[in-house]
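Trainee: would you be able to build a 3D model of this:
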Amino acid sequence: MIRIIKADDRLKAVPKINIAIFGPSGVGKTTLARTLDPKTTLFVDLEAGTLAIQDWSGDVLDVREAAIGLGAHPWEIARALALYIGGPDPADRDGPYSQAMYNKVAEVFAGVDLSKYTTIFVDSITVASREALKWSQIQPEAMSEKTGKPDNRGAYGLLGREMIRWLTHLQHSNKSIIVVGILDSEKDDLNRISWTPQIEGSKTGRELPGIFDQVVTLQSFTTPEGLGYRGLVCTQMNPWGYPAKDRSGRLDMVEPPHLGELIAKIRTGQRIDTNIVTTLPQKAS
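Mentor: All right, here's what the predicted structure looks like:
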């Protein structure tokens, strides 16, 4: 039976929030997990290190440890976890996100009760892309049919499809998904600086803003008085050119580095962009 979600039901529902967070190494991206409720947050560790959240009382799933224990590739564990979180894809009949595969994965993750978690924090998309690339490079598609030698185009093509599908599947789950990644700066011949997410392959970086509701950059700033602080840059129009996107329309350009408060504001805050401008600026006469 097909049903229509009525406006009253939609407005009463508590929306899940999907956020991609980028920032330079050492700025404190992992530490942001400490601003989430430890009782309802699952920390997915792809970095093989949780020192930054050592005093945080939330649950952690170590992907590399699970891979070693099961004799599997870390990317296979990351992909299986996404399937377990998001459920089977009705468009996938016999592939890695199919009902049949979900049944197998559910047996492996039988001891992981996801019902207590409303938020999944993935650290990090940068490492996930590296693991996906290493996995892609050993697949038949990454080998030339003529020479039998490695084919980088085939490997990177597979990498792009794997990463986009992985992120999209996580995004379609009924839980809030937060992924963090490293932000790189690049300087061109005219000394202009641009900022790009550190993700293997170009396809994922290009399409990621279309997958996530919110894209924010965690960066360090200094007040005119010389006081240093961190902030989350949340809007596309910012003077630094940092990756950012606010689909909620409720965030200021820079918000405090507290994910719990940020999510609450996205859900219940007052929209800033209430006036939709449908005209172009008038030319001076």
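
Trainee: show me how far stretch 55-63 is from its chain's centre.
Mentor: Centroid separation for stretch 55-63 versus its chain: 18 Å, with Cα atoms, centre = their mean, to the nearest Å.

Trainee: how long is that stretch from one end to the other?
Mentor: End-to-end distance of stretch 55-63: 20 Å, with Cα to Cα, to the nearest Å as the criterion.

Trainee: for that stretch, buried residues please.
Mentor: For stretch 55-63, a neighbour-count test (16 or more other Cβ atoms under 10 Å) marks 56, 58, 59, 60, 61, 62, 63 as buried. C-beta here means a position set from N, CA and C on the backbone, and glycine is covered the same way.

Trainee: what's the answer for stretch 223-238, then?
Mentor: 230, 231, 232, 233, 234, 235.

Trainee: and it, how far from the chain's centre?
Mentor: On the basis of Cα atoms, centre = their mean, stretch 223-238 sits 22 Å off its chain's mean C-alpha point.

Trainee: could you give the average pLDDT over that stretch?
Mentor: Throughout stretch 223-238, pLDDT has a mean value of 96.

Trainee: okay, how far is it across it, tip to tip?
Mentor: 17 Å.

Trainee: for the stretch 51-200 of the chain, just list every one of the strands.
Mentor: Under the criterion DSSP state E, counting those that start in this stretch, the stretch 51-200 of the chain contains strands at 59-62, 119-123, 176-187, 193-197.

Trainee: circling back: which ones among the buried residues of stretch 223-238 map onto strands?
Mentor: Judged by DSSP state E, the subset of these located in strands is 230, 231, 232, 233.

Trainee: and the residues you listed as TSV, adding distance to residue 6?
Mentor: Below are these laid out as TSV (distance: Cβ to Cβ, whole Å):
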residue	distance to residue 6
230	41
231	39
232	34
233	36
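
Trainee: from those residues, pick the one nearest residue 214.
Mentor: residue 232 (9.6 Å; Cβ to Cβ).

Trainee: surely that closest one touches residue 220?
Mentor: No: using Cβ atoms under 8 Å, residue 232 makes no contact with residue 220, being 11.6 Å away.

Trainee: any idea of the pLDDT on residue 10?
Mentor: Residue 10 is given a pLDDT of 57.

Trainee: will you turn the strands of the stretch 51-200 of the chain into TSV that also has mean pLDDT?
Mentor: Shown next, in TSV, are the strands of the stretch 51-200 of the chain (pLDDT from 0 to 100):
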stretch	mean pLDDT
strand 59-62	96
strand 119-123	97
strand 176-187	94
strand 193-197	91
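
Trainee: most tightly surrounded among those?
Mentor: A comparison of the strands of the stretch 51-200 of the chain by mean neighbour count, using mean count of other Cβ atoms under 10 Å, puts strand 119-123 on top with a mean of 25.

Trainee: run the angle between that strand and strand 176-187 for me.
Mentor: Angle of strand 119-123 versus strand 176-187, following axes from the mean of the first three to the mean of the last three Cα atoms, to 10 degrees, is 30 degrees.

Trainee: no further queries at this time; thank you.
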